[in-house]
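A.B. asks: What follows is a predicted protein model with its sequence.
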Amino acid sequence: MDITPLLGQSILERNKGNHRKSLELLSQAESIDYVDYRICENRYKVLFFMGDYDAAFRNLIVLVHGFVVKNVIQNDLFGMGQGIAQSEMQYFNSTKKDLHNGFQFDPSLIKRAIDSYPKLINVVYAGNAETYRIGHSYVGSFLDAGILSEDKHRDEWMTNYEKRITNSGGGPSYFTEGLKSYFCSIGFIYFHMNFNSKYSTPKDVRNYYLGDNFVIRKDIWNYDTFL
């Protein structure tokens, strides 16, 4: 059974602000086709609006895990994957390193990570979309801890980005106002510290990241030790 109509209904409910109804429709779609990537793709956007950034991350990491395991950059039908990744690398060395509560992270370690596990270049390839959004989920999960609190536009710009990616409005956001590299760099490290290469099939990947036993690791300030 094709789940496209249910996905369409879910998007309509999301755009009307009926977020729980939107999630219910996605659950119905999931019961029909458990591994269709479009379910996670739509669900994390709903969860952004609901402020459930941890649950959004769980769905995002399912998507980016697939890019890495499949090594999509090497299978780009148009042969443009490497060029896109090299162009995107400029956004993975943020000069801003402050997080929250005095913690800092080190974006310069990203190159070392890719050198040691080359398939991680696929996370860069996904930079403009899913990897940035993983960074968005990380920042969102620390709003109460004061991340970016020095910026009076913070809450507005976070919301604007969520509207932007759902075609429901928008305005200035960190994506357009100079902190794209901050979010991409955070997104890469946050992904990598939670990535488990043990799983490869779509079903196993979903079961792992969406299951009760997956514990999200957020201490990206310890990336050096992790590597």
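C.D. replies: Good, I have the coordinates. What you see is a predicted model; the values in this text were computed from it and never measured.
A.B. asks: Which stretches in the chain count as helices?
C.D. replies: All helices of the chain, identified by DSSP state H, fall at 4-15, 19-32, 37-50, 53-70, 81-88, 109-116, 121-125, 132-141, 154-164, 180-194, 202-209, 223-226.
A.B. asks: Can you lay out those as TSV showing mean neighbour count, mean pLDDT and distance to Thr95?
C.D. replies: Using the backbone N, CA and C atoms, a C-beta is placed for each residue, glycine as well. TSV is the format used below for those (neighbours: other Cβ atoms under 10 Å; pLDDT from 0 to 100; distance: least, Cβ to Cβ, whole Å):
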stretch	mean neighbour count	mean pLDDT	distance to Thr95
helix 4-15	17	96	35
helix 19-32	18	97	36
helix 37-50	21	97	26
helix 53-70	22	95	24
helix 81-88	16	75	17
helix 109-116	16	96	13
helix 121-125	25	91	18
helix 132-141	25	98	15
helix 154-164	18	95	19
helix 180-194	25	98	7
helix 202-209	17	97	31
helix 223-226	13	98	17
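A.B. asks: Tell me how far Asn122 lies from Val139.
C.D. replies: Counting by Cβ to Cβ, to the nearest Å, the gap from Asn122 to Val139 is 22 Å.
A.B. asks: Let me know which of the helices of the chain is the nearest to Leu99.
C.D. replies: Leu99 lies closest, by Cβ to Cβ, to one member of the helices of the chain: helix 180-194, at 8.1 Å.
A.B. asks: which other helices and strands contact that closest one?
C.D. replies: Packing partners of helix 180-194 (3 or more Cβ pairs under 8 Å, 6 or more residues apart in numbering; DSSP states H and E): helix 53-70, helix 109-116, helix 121-125, helix 132-141, helix 223-226.
A.B. asks: Now with 7 Å, please.
C.D. replies: Counting contacts by 3 or more Cβ pairs under 7 Å, 6 or more residues apart in numbering; DSSP states H and E, helix 180-194 packs against helix 53-70, helix 109-116, helix 132-141, helix 223-226.
A.B. asks: then that helix to PDB, C-alphas only?
C.D. replies: Listed next in PDB are the C-alpha coordinates belonging to helix 180-194 (Å, rounded to 0.1, in the frame of the first residue of the first chain):
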ATOM      1  CA  LYS A 180      25.600  28.300   9.100                       C
ATOM      2  CA  SER A 181      29.100  27.000   9.800                       C
ATOM      3  CA  TYR A 182      28.400  26.900  13.600                       C
ATOM      4  CA  PHE A 183      25.300  24.700  13.100                       C
ATOM      5  CA  CYS A 184      27.000  22.500  10.400                       C
ATOM      6  CA  SER A 185      30.100  21.900  12.600                       C
ATOM      7  CA  ILE A 186      28.000  21.000  15.600                       C
ATOM      8  CA  GLY A 187      25.800  18.800  13.400                       C
ATOM      9  CA  PHE A 188      28.700  16.800  12.200                       C
ATOM     10  CA  ILE A 189      30.200  16.200  15.600                       C
ATOM     11  CA  TYR A 190      26.800  15.500  17.200                       C
ATOM     12  CA  PHE A 191      26.100  13.000  14.500                       C
ATOM     13  CA  HIS A 192      29.500  11.300  14.700                       C
ATOM     14  CA  MET A 193      29.500  10.900  18.400                       C
ATOM     15  CA  ASN A 194      26.100   9.000  18.200                       C
END
